[in-house]
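>>> Take this sequence and fold it.
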Amino acid sequence: MRTIEITPNPSMMDEEIQIVIKNLYSGQHITVYSQVQERKTLFRSHAHFIADLNGVVNLASDNSFGGCYTGVSPMGILWSLQPVNEKGGFKPARYLPRKVMDPQEFVLRVYDGHLNMKEIDRYHKEGKLLAEDTVLRKFCSDGIIRHEVNHGRLRGVIFKPKGPGPFKGVIDMYGGNGGIVEFRAALLASHGFVAYTLPYFKYKDLPEDIPDVEIEYFIEAIQYFQTLDYVHPGISLIGLSFGGGLIVFLSTMANLGITGVVPIGAPHYIQFPMKWKGGFYPDPQKCDLTDFDGCDFEPDEYGGIYGASLIYGESCDHYTTPIEKCSKSTKYLFIVGLQDGNIDAKRSFEVLNQRMIKHNKENQVIALVYPKTGHFVDPPHMPQTVFGLYFAQYDTIFRCGGTLQENNAACRHSWKAMLQFLNRNTGSSSKL
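This is a model prediction of the structure:
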């Protein structure tokens with residue numbers, strides 16, 4: 001009887017596992033299929049393999065000869081998972097798991113022959129299945145506590161490791177899509193940090209639009225987080241996209257006790273006006289914050305979807321965040337994808353870095369630059385995407401860049417580097 005061996009199982013989401021199919025015929029051609037359901041979206045992938053002389057296929061060492069990825073990739077059957085619509089066609093969507101306290105269930109199936117998706121569906125209906133099993137992937141290790149924040153106007157979720165602490169603290173923010181994203185904070189807690197995922201619009205009773213958000217909200221959140229008994233003094237901030245620009249801006253306030261900053265695909269200024277000190281910052285009357293004139297709108301192979309590189313107009317350069325105002329104890333780890341289709345992340349980093357060099361603070365900056373990587377750099381081994389941002393004014397989904405394989409490689413490398421950076425630079429200040 002054919003069997004699938006998964007080691008370890010269950011496993012952490014950022015952990016590499018071994019998948020081995022045994023008791024095949026020598027030289028047998030097989031298709032390994034995977035799927036995961038996240039709310040209303042089904043993600044699917046498949047890969048083609050040939051069994052060795054002993055009738056074994058090991059995904060950690062054997063080539064995939066076709067399907068959703070090729071070559072050797074131990075986790076390829078998972079990171080290559082792609083969203084499909086009701087008819088089985090491509091559906092632009094991003095894997096954003098909501099129930100992070102529960103294991104994510106990835107179904108694995110093995111079929112005879114090298115099949116395409118339509119053939120896989122037909123074989124499944126006909127019961128032509130060689131083997132089936134489920135990969136369980138966890139964001140939260142044992143003992144993690146999930147606590148919802150309802151402190152004054154502050155909202156969000158804090159993930160706390162087992163024990164009294166104090167723990168090194170991290171505040172995690174995402175970008176312009178709004179809502180709350182919990183999986184990265186949950187994984188950070190599993191690595192020993194107390195992590196606060198901080199939403200700021202389109203969540204519960206928070207504002208619906210960014211211009212209605214007050215920058216003071218973030219200052220309150222940072223101050224509140226550092227008053228908790230189980231949070232060690234001196235916290236770090238992580239931010240993706242718009243959230244990345246925000247955390248760079250907040251890091252210039254030297255009295256907030258921010259010791260580590262990780263901007264991912266971040267602009268060099270706050271892209272959309274926000275309430276600040278009774279007015280707005282940046283001033284929407286003085287620059288075009290969403291200047292799309294320089295964008296490259298090229299028809300995409302999926303139709304109705306376009307690629308873009310949002311190179312914001314230089315009219316806003318005078319709103320560049322004065323990063324040099326940061327404390328001498330604040331360190332930065334910039335994560336930059338050179339094929340970022342949403343932010344000109346390379347130029348934004350260079351603009352900010354030049355300011356640090358000019359003020360003799362270049363030794364406070366580290367940059368991880370990935371040539372074939374797009375906008376989204378998340379924890380590794382999760383389903384990757386090159387899409388994900390919807391802009392209502394164009395009624396389209398923007399291609400966010402990179403390739404699935406290169407994006408996952410960047411996720412794998414940067415995640416390890418980020419954990420090292422956070423361990424080294426978090427928790428080195430006194431209580432406010």
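
>>> isn't P103 right up against V135?
No. Checked against C-beta atoms under 8 Å, the pair P103 and V135 is beyond contact range at 9.3 Å. No exception for glycine: its C-beta is placed from N, CA and C like everyone else's.

>>> of these two, who's got more company?
V135 (21 against 18; other C-beta atoms under 10 Å).

>>> quick one: that one from F43, how far?
From V135 across to F43, the span is 13 Å (C-beta to C-beta, to the nearest Å).

>>> got it, and I50?
25 Å.

>>> One more: P207?
Distance from P207 to F43, by C-beta to C-beta: 31 Å.

>>> Between those two, which has more neighbouring residues?
Set P207 next to F43 and count neighbours by other C-beta under 10 Å: F43 wins out with 21 against 17.

>>> The residue nearest to Y123 when sequence neighbours are not counted: what's it in contact with?
Leaving aside its chain neighbours, Y123 sits nearest to Y111 (5.1 Å; criterion: C-beta to C-beta, 6 or more residues apart in numbering). When the contact criterion is C-beta atoms under 8 Å, 6 or more residues apart in numbering, the partners of Y111 are 30-31, 33, 120, 123-124, 128-130.

>>> Next, count neighbours for A254.
Number of residues near A254 (other C-beta under 10 Å) recorded here: 13.

>>> Quickly run through the sheet partners of the helix or strand harbouring the residue nearest to Y123, with directions.
Take DSSP states H and E as the rule and Y111 turns out to sit in strand 104-112. Its sheet considered, strand 104-112 pairs with strand 29-38 (antiparallel), strand 131-138 (antiparallel) by DSSP bridges.

>>> next structured bit after the longest one?
Tracing the chain C-terminally past strand 29-38 and defining elements by DSSP H and E, one meets strand 41-50 next.

>>> likewise the last one?
From strand 131-138 onward toward the C-terminus, using DSSP H and E, the following helix or strand is strand 145-151.

>>> Residues in contact with that next one: which ones?
Strand 145-151 is contacted from outside by 100-101, 140, 155-162, 186, 196, 224, using C-beta under 8 Å, 6+ apart.

>>> Which members of those occur in helices, if any?
Counting by DSSP state H, the part of these found in helices is 186, 224.

>>> which one among the contacts of strand 145-151 gets closest to Y370?
Of all the contacts of strand 145-151, Y370 sits closest to A186, with 24.3 Å by C-beta to C-beta.

>>> For the residue nearest to that closest one when sequence neighbours are not counted, list the residues it contacts.
Nearest non-adjacent residue to A186, counting by C-beta to C-beta, 6+ apart: F139, 3.9 Å away. Taking C-beta under 8 Å, 6+ apart, we find F139 in contact with 12-13, 97, 100-101, 104, 182-183, 186-187, 190.

>>> I238: what's it in contact with?
By C-beta under 8 Å, 6+ apart, the contact list for I238 reads 170-173, 184, 247, 262, 264, 418.

>>> on that earlier part again, between which two of the contacts of Y111 is the distance greatest?
I30 and H124 (14.4 Å).

>>> and these two? which has more neighbours close in?
The residue with more neighbours, out of I30 and H124, is I30; 23 against 14, by other C-beta under 10 Å.

>>> my guess is the more buried one meets L59, correct?
No. The criterion here is C-beta under 8 Å, and I30 misses it with L59 at 11.1 Å.

>>> ranges for the helices of this protein?
With helices called from DSSP H, the chain shows them at 76-79, 117-125, 183-190, 215-227, 242-251, 345-358, 404-425.

>>> Just put those in TSV and tack on mean pLDDT and distance to F334.
Output for the helices of the chain, formatted as TSV (pLDDT from 0 to 100; distance: least, C-beta to C-beta, whole Å):
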stretch	mean pLDDT	distance to F334
helix 76-79	98	23
helix 117-125	96	39
helix 183-190	99	17
helix 215-227	98	20
helix 242-251	97	9
helix 345-358	96	5
helix 404-425	97	10
